[in-house]
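# A predicted structure for the sequence below; I have some questions about it.
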Amino acid sequence: MSSLSLLHLTFAGDGRGDAQILFDPQLTVVYGASDSGKSFFTNAIDYMFGAKKLDVIPEARGYSQILLGLALPDGSVITLMRTPASQRIHVFDGDLRSLIYRAADKVFAVQHSPKSTRNLSRYLLERIGLDGTLVSTNNTGGMRLLSFRDLVHLCLVSETRMISQVPPALRTAGASGKTACRSVVKALLTGSGETSPTGSIGSTPGQKRVHRGKIDLLDGLILKLQSKLDPAGGNQAELTEQLRRVLEHQDTGAVSLREVSARHAQAADQRAELSVQLAHHDQRRAEVNDLLSRFGLLEEQYESDLARLATVTEVNSLLAYLSGGRRDCMLCGADPEHQRAHENETSALDAAAKIERNKTRQLLSDLHVTIEGIKEQRQEIAEQYRGHAAAAQTADREIARIEQEELHPLRDTTAELMTARSKVEHELGLHTQIQTLEDERAGLVADDSTGSGTAAGNIPPGIAAEFDRAVARALQSWQVPTDGDVFYEQYTAELSVGDRARAGHGKGMRAILHSAFVVALAETCLAKGHSHPGFVVLDSPLLNYRAPGTRPSDDDHVPDSVKNSFYQDLLHHFSGQAVVVENDDPPAQIVEQARAYMFSRDPDGERFGFFPLNPDPDAPPQPSQQD
């Protein structure tokens, strides 16, 4: 079987403790917290297989050598060594797992070249029996030599590509290179590449002119993008570090803003409560004043009644005096001999007036007591009003102080950070676009096409159907439900389930389908004895998956049935070597049976990320969960 096997990935540096992952021949699982180096681990493997660059995280600084141990198909073992930011790779015979001081047995360029065998791509392709394989570049017969990078994206899938809407068979979303990617899949499944009738892989003059035109166009686009870069912005690594610092400041500022906003809201709530109380005092004061006004009218009425009663008494006395002269009655005109009854009436009127006067005086006295009590209440209300008004003024001053001294500066700082973040992200976006165009340009420069061949043919129906069954079998083994048949559409290079393409599914299902495509491709090749790298590296294949019919929640997790079946299938039934990188813990039996590493941000955890917590080489190694 023509395939490779991963042995170890090691970061070594003078005065630094080795950071190392040993690969199980069947299944290796790296899991743990976010931002603990899991994606960096995946990118480092990609870097060792020819990726142009590796974004070095702060923990990796000081490590000068990256080592990747490989077992070759003939049983021999080699060690690939590459330094960060280097475009050359050193090959050593034997399994070396610490800092290397001796000269390399072979030194290769990282960039693939069809005109030279002194590059990593041609060396690895030769070892697995694919060097010299031709792939189509267009539908008019253009061809080029297969590159090892054409295979890497079919066996090593980053988290970004895992959920991308780009079909698993393709490297990018653009139309460029689509034919070549389809041809690579065909070459793996059929065991042979395209054929050139002339046996030549040179380009025709016309194709060279087309390539030169494309390269000139790309050069113009690259220069245009470079002119938009800020000269003081720094390189991509510096911008990435700037973005990390800006995000940290944003997180800190967000916490401070939440705290200040909470205090501001609390002060505003207190001020609102005081406003309610002041309004209540105003209402009570108005009611009391209205009541005093009414009682004042009643007091005047009582005093008027007393005055009238006093007048009645005086008039009665005067009448009694005047009636004593034995003259005709002044009230009724009666003769003196008939005036006895009126004398009694005058006495009765005087008694009645006295009783009424006493009663009215008592009522007036009670009214005075009530009025005094109400005035005391009004005084009380006035004092409470003054107290709450003073508290309201204090609250107003505190609200104004928080706004002026704390909220406004924080908001200004947040706005500045957002502006800085947008600028850095814009610069990084320009760098990414430039890198993409430069990769495309390098591919055109490396391509050596011919117009004398024939267009890429389709995968024979029988082989295509066998591959479709392998993908369906993987999904079924993982207990992932599918609505309809699974098939690989050769023209679009898309994987579909029923009448729905993979790109039309959510990111969780896209990740599962991408994983099934990669695993089934490796399984089909290895089962047929075709050449294949022999391993698959899957970054976050299960992270975003949720079973159909369930509702999302804050504690979403992959169903245990899918998780268990996925790992068990890779451990016991996959004929290649699998490396899985996930956030969630694998099942306990997988940790026991496979080689598993838990990355953590906790210094007291089993392993503090990919790199040792203590970089001193003489310090005891950090514990790790492994066989």
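Looks like it arrived, so ask away. Computed from a prediction, not measured in an experiment: that's the story for all the values here.

# am I right that Gly233 sits in a helix?
No. Going by DSSP: H, G, I helix; E, B strand; the rest coil, the assignment for Gly233 is coil, not a helix.

# and it, how far is that from Gln226?
The span separating Gly233 from Gln226 equals 11 Å under the rule Cβ to Cβ, to the nearest Å. Where you see a C-beta, it was placed from the backbone N, CA and C, and this is true even at glycine.

# okay, those two: which has more neighbours?
When neighbours are counted by other Cβ atoms under 10 Å, Gly233 comes out ahead of the other of Gly233 and Gln226, with 17 against 11.

# how about the more buried one, nearest residue that isn't a chain neighbour?
Glu427 (4.8 Å; Cβ to Cβ, 6 or more residues apart in numbering).

# where's that neighbour, which helix or strand?
When secondary structure is defined using DSSP states H and E, the element that contains Glu427 is helix 408-446.

# ok, now Phe566?
If you go by DSSP H and E, Phe566 is part of helix 560-572.

# what comes up buried for that helix?
Using 16 or more other Cβ atoms under 10 Å as the burial criterion, the residues of helix 560-572 that qualify are Val562, Lys563, Asn564, Ser565, Phe566, Tyr567, Gln568, Asp569, Leu570, Leu571.

# my guess is His505 contacts Leu513, does it?
Yes. Using Cβ atoms under 8 Å, His505 is in contact with Leu513, at 6.9 Å.

# find the residues that touch each one of these two.
A shared contact of His505 and Leu513, defined by Cβ atoms under 8 Å, 6 or more residues apart in numbering, is any residue touching both; here these are Val497.

# who has more neighbours, the two?
With neighbours defined as other Cβ under 10 Å, His505 and Leu513 compare such that Leu513 has more, 28 against 16.

# which SSE is that one in?
Secondary structure here is read from DSSP H and E; on that basis Leu513 sits in helix 507-528.

# what pLDDT, on average, does that helix get?
On average, the pLDDT along helix 507-528 is 95.

# report the angle between that helix and helix 560-572.
Between helix 507-528 and helix 560-572, the angle formed by their directions is 20 degrees, by axes from the mean of the first three to the mean of the last three Cα atoms, to 10 degrees.

# any idea which helix or strand comes after helix 507-528?
Next helix or strand after helix 507-528 toward the C-terminus (DSSP H and E): strand 535-539.

# what strands line up against that following strand, and which way round?
Paired neighbours of strand 535-539 in the sheet (DSSP bridges): strand 156-157 (parallel), strand 577-582 (parallel).

# residues touching the helix holding Phe566, excluding its own?
For helix 560-572, using Cβ under 8 Å, 6+ apart, the contacting residues are 26-27, 29, 474, 477-480, 519, 541-542, 545, 547, 578, 580, 584, 586-587, 590, 593-594.

# among the residues you listed, name the buried ones.
When those are checked for burial by 16+ other Cβ under 10 Å, the buried set is 26-27, 29, 474, 477-480, 519, 541-542, 545, 578, 580, 586-587, 590, 593-594.

# just those: which are in helices?
Among the buried ones among the contacts of helix 560-572, the members falling in helices are Ala474, Ser477, Val519, Ile590, Gln593 (criterion: DSSP state H).

# looking at those, spot the one nearest Gly94.
Ranking those by separation from Gly94, with Cβ to Cβ as the measure, puts Gln593 on top at 29.2 Å.

# let's have the strands paired with strand 535-539 in TSV, adding mean pLDDT.
Formatted as TSV, the entries for those read as follows, by pLDDT from 0 to 100:
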stretch	mean pLDDT
strand 156-157	96
strand 577-582	96
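
# dump these to CSV, plus distance to Tyr63.
As requested, the strands paired with strand 535-539 are exported to CSV (distance: least, Cβ to Cβ, whole Å):
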stretch, distance to Tyr63
strand 156-157, 21
strand 577-582, 20
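
# which one, of those strands, ends up nearest to Arg258?
Closest to Arg258 of the strands paired with strand 535-539 is strand 577-582 (Cβ to Cβ; 31.8 Å).

# what does that closest one rub up against?
Judged by Cβ under 8 Å, 6+ apart, the contacts made with strand 577-582 from elsewhere in the structure are 5-6, 23-31, 38-39, 41-42, 45, 159, 519, 534-543, 567, 570-571, 586.

# gap between it and the chain center?
From the chain centre to the centre of strand 577-582 is a distance of 23 Å (Cα atoms, centre = their mean, to the nearest Å).

# these two touch, right, Ser76 and Val91?
No. No contact is recorded between Ser76 and Val91 when judged using Cβ under 8 Å, the distance being 11.4 Å.

# those two: which is more packed in?
For Ser76 against Val91, the residue with the higher neighbour count under other Cβ under 10 Å is Val91, and the figures read 17 against 12.

# helices or strands up against the helix or strand of the chain with the lowest mean pLDDT?
Using mean pLDDT, DSSP states H and E, the weakest-scoring helix or strand in the chain turns out to be helix 205-228, at a mean of 77. Counting contacts by 3 or more Cβ pairs under 8 Å, 6 or more residues apart in numbering; DSSP states H and E, the secondary-structure elements packed against helix 205-228 are helix 408-446.

# what comes up buried for the helix it packs on?
Of the residues in helix 408-446, those buried (16+ other Cβ under 10 Å) are 410, 413-414, 417, 420-421, 423-424, 427-428, 430-431, 434, 437, 439-441, 443-444, 446.
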